[in-house]
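Q: mind looking at a prediction? Sequence and model below.
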Amino acid sequence: MKKAGSNDDGWVDLHIHSTASDGTLTPDQILKMARDRNLRAISITDHDTIKGSIEAHRHLTPQDVELLSGVEISTSLQGNTLHILGYLIELQDPSFSRTLSILQQARKERNPKIIQKLQQLGMELTYEEVVKVSGGGEVGRPHIAEVLLRKKVVRSTDEAFRKYLGTNGPAYVDKYRLQPDEAISLIADAGGIPVLAHPFIIKTDSERDLDKIVSELVSKGLKGIEVYYSEHTDIQVALYKRIAQKYNLFVTGGTDFHGARKAGTHMGVGKGNLRIPYRLVEALKEYKSA
């Protein structure tokens, strides 16, 4: 995709995953990399957990980049997955933390069931092996996929999802998810700004269909849409911009950086040509302080 535009005030990356979920870099390592890449601001948006964001704030120094608290919550929309990002949330909000704990427990209950299905398919792997790969973070399907890759059951993690772990795969196990409106309210109640993540996963290129979904989410309190993203095409970026303008939504952007677990996607630049201007962060901060 094309650059987000020229910017004299620095670049940002508002979609980064750490070892607290399925990234391969610790929050401290992420801060160092962001500093080395001369980014002005970042947000660690781990899946259904704020542990990475909390840890990053603990390590933050005056020499580091600006850090926005963040999270990415998986929700279910008509049987499909839809992700809601939350920015500038209050990390100590007790109700927010309790709900995330419920979501994390759902992940923990799901993973052994997936492994059992893989074992029934004749694959030799254990839950302990998967936990070791996770590095102590929240275990998820990407970690299971990595074990399958290491054991040469598959040639890539994408193949692991396509053949076994994806929605239609023989080892797929569903888990409890919030509804989108519940995630939006949860983020807003914690003082945060709810944003629709990478809309392309909704799997519709119909502007009418996407508009209908976004309209419903806006009525529930959605405040932004992730326009700039490593996987978005120029056509998709233009579409998401139009929808953002129609509903007066904040525009955000990020690479979805996972470190070595997502080869070819680099912090700050995505696949090489992504540039997200700091002015998008300024808009979020102005809204938060209003």
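A: Yep, that arrived.
Q: what is the burial count for the nearest residue to residue 207 once chain neighbours are set aside?
A: What sits nearest to residue 207 in space, not counting adjacent residues and going by CB to CB, 6 or more residues apart in numbering, is residue 239, at 5.8 Å. Heads up, the C-betas are built off the backbone N, CA and C, glycines and all. Residue 239: 20 surrounding residues under other CB atoms under 10 Å.
Q: how about the one helix or strand residue 239 maps to: buried residues?
A: Using DSSP states H and E, the element containing residue 239 is helix 234-246. Residues 236, 237, 239, 240, 243, 244 are the ones in helix 234-246 that count as buried (16 or more other CB atoms under 10 Å).
Q: what's the mean pLDDT across it?
A: Mean pLDDT, computed over helix 234-246, is 95.
Q: following element in sequence after it, please.
A: strand 250-254.
Q: what is that following strand packed up against?
A: strand 12-16, strand 193-196, strand 224-229, helix 234-246, helix 279-289 (3 or more CB pairs under 8 Å, 6 or more residues apart in numbering; DSSP states H and E).
Q: picking up where we left off before, kindly export the helix holding residue 239 (C-alpha atoms) in CSV.
A: This file holds the C-alpha atoms of helix 234-246, laid out as CSV (Å, rounded to 0.1, in the frame of the first residue of the first chain):
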residue,chain,number,x,y,z
ASP,A,234,-4.6,1.1,-2.0
ILE,A,235,-8.2,0.4,-3.0
GLN,A,236,-9.1,-0.7,0.6
VAL,A,237,-7.3,2.3,2.1
ALA,A,238,-9.4,4.6,-0.1
LEU,A,239,-12.6,2.8,0.9
TYR,A,240,-11.8,2.9,4.6
LYS,A,241,-10.9,6.6,4.3
ARG,A,242,-14.3,7.3,2.8
ILE,A,243,-16.1,5.5,5.5
ALA,A,244,-14.1,7.3,8.2
GLN,A,245,-15.0,10.6,6.7
LYS,A,246,-18.7,9.6,6.4
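Q: and it, what does it pack onto?
A: Helix 234-246 packs on helix 207-219, strand 224-229, strand 250-254, going by 3+ CB pairs under 8 Å, 6+ apart.
Q: direction included, what does the second one pair up with?
A: Paired with strand 224-229 in the same sheet, following DSSP bridges, are strand 193-196 (parallel), strand 250-254 (parallel).
Q: for the protein, which element, helix or strand, carries the lowest mean pLDDT?
A: helix 127-134 (a mean of 89; mean pLDDT, DSSP states H and E).
Q: could you find the closest non-adjacent residue to residue 25?
A: Using CB to CB, 6+ apart, the closest residue to residue 25 is residue 259 (4.4 Å).
Q: double-check the one you found against residue 26; I have them as touching.
A: No - using CB atoms under 8 Å, residue 259 is not in contact with residue 26; the gap is 9.6 Å.
Q: could you list the low-confidence segments of the stretch 101-250 of the chain?
A: 205 (pLDDT under 70).
Q: all helices of the stretch 51-200 of the chain, in order?
A: Assigned by DSSP state H, counting those that start in this stretch, the stretch 51-200 of the chain shows helices spanning 51-59, 94-120, 127-134, 141-150, 157-160, 180-189.
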